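Asks: here is my input; please provide its structure:
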Amino acid sequence: MKNKALIIIVCSCLLLCGCAKTITRKSTDIETVQTEAENYEGYSGLWSENGLSHNAVISNGGVEFSIEITDKNNLNGYLFTQQGTSDRIAEIDNITGKIDNDEFNYEYNDDGWGGSGILHITFRDDTIQIEVQNYKMRDTNLSGYGISGVYQLKQSKENETEKSESDMLKEIEERKQYREKCSFYSEVEEYLENVREVTDISSLVEPLYYTDMKIYQKQDFDQVPPLIIHLAKNEIYARHGYIFKSEDLNNYFKGQIWYEPSVSPENFKDSLFNKNEQENLKLLSGLDTYK
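Replies: Alright, predicted model coming up:
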């Protein structure tokens, strides 16, 4: 099914490029009537977190949304996610419908793990936001994986695959300065290597926990060091661009290439959290004893 993304991308190359909305005018014998015709065809193609290529998502995990838009606002798409640490995948295909006033809603009944919900998709100037509403996890889904939460996607340039991957490695190297300034980063590395057995770059491109995608239980954090619980709690904020006042937290998250600081504490709104994040924040706040 991963090849579906590539098929849609090839088809979309025949369409117009650039995210544009056009205005057309209809002439009559009496007057000229100006009507606004929304044209979303420029959004056709592959969209992913951080604009990664398809190959990068397959290699390292991530989210991609492949869409083809015809007749200005008719959407046909395919949403795919892969967990880098376990290679679990979730997908929703045959996403069809019309975009209206920069928004699109699609109800799905199975994401490959039995999960269901509504994809609320918002088209912005240079990003596509996918927010999963009314998400319900199947009772038999013990892994907690599926398509849920909020995804911020950027347009990917498939013809620059090698450059995209090299840019990712370059960014990892550039952010090394922040990791070196973090007083507790060596403790995190030791935990990841010795307990989770993570020795590749996935520790820099993925969060410690997917608190936006599943609701964790207290027992999930048995034997987990206080520092890691503390970071898991703050990841919920970091995922939404929260700028940390703590120098160590600021340096730690700046060392992660998925983190994009954008919102100051005084402007941050808890309404950004989805239901999973809200529940996990309550749990982790109660478990956080790190000082």
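Asks: how many neighbouring residues does Ser285 have?
Replies: Neighbourhood size, Ser285 [other CB atoms under 10 Å]: 11. Just so you know, the C-beta spots here come from the backbone N, C-alpha and C atoms, and that holds for glycine as well.
Asks: hmm, it is touching Ala232, no?
Replies: No - counting by CB atoms under 8 Å, Ser285 sits too far from Ala232 to count as a contact (10.6 Å).
Asks: per-domain residue ranges of the protein.
Replies: 2-160, 175-287 (automatic domain parsing).
Asks: now those in TSV, with distance to Leu169 and mean pLDDT?
Replies: As requested, the domains of the chain are arranged in TSV below (distance: least, CB to CB, whole Å; pLDDT from 0 to 100):
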stretch	distance to Leu169	mean pLDDT
domain 2-160	10	79
domain 175-287	8	92
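Asks: and these as TSV, adding distance to Asp167?
Replies: Output for the domains of the chain, formatted as TSV (distance: least, CB to CB, whole Å):
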stretch	distance to Asp167
domain 2-160	9
domain 175-287	10
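Asks: and Ile215, how many residues sit next to it?
Replies: By the criterion of other CB under 10 Å, Ile215 has 16 neighbours.
Asks: that one in helix, strand or coil?
Replies: coil (DSSP: H, G, I helix; E, B strand; the rest coil).
Asks: contacts only, for it.
Replies: Neighbour list for Ile215: 137, 144, 276, 279-280 [criterion: CB atoms under 8 Å, 6 or more residues apart in numbering].
Asks: just the buried residues of these.
Replies: Buried by 16 or more other CB atoms under 10 Å: 137, 144, 276, 280, out of the contacts of Ile215.
Asks: of the residues you listed, which belong to helices?
Replies: Within the buried ones among the contacts of Ile215, residues falling in helices by DSSP state H are 276, 280.
Asks: just the closest of the buried ones among the contacts of Ile215 to Ile121, please.
Replies: Closest to Ile121 out of these is Asn276 (18.8 Å), distances taken as CB to CB.
Asks: how much space separates the closest one from Met168?
Replies: Distance, Asn276 to Met168, using CB to CB, to the nearest Å: 27 Å.
Asks: just Gly115 next, same as before
Replies: 29 Å.
Asks: Asn274 now?
Replies: Asn274 is 26 Å from Met168, by CB to CB.
Asks: okay, helices next: where are they in the stretch 101-250 of the chain?
Replies: According to DSSP state H, counting those that start in this stretch, the stretch 101-250 of the chain carries its helices in the segments 161-174, 176-181, 185-194, 202-205, 226-238, 247-254.
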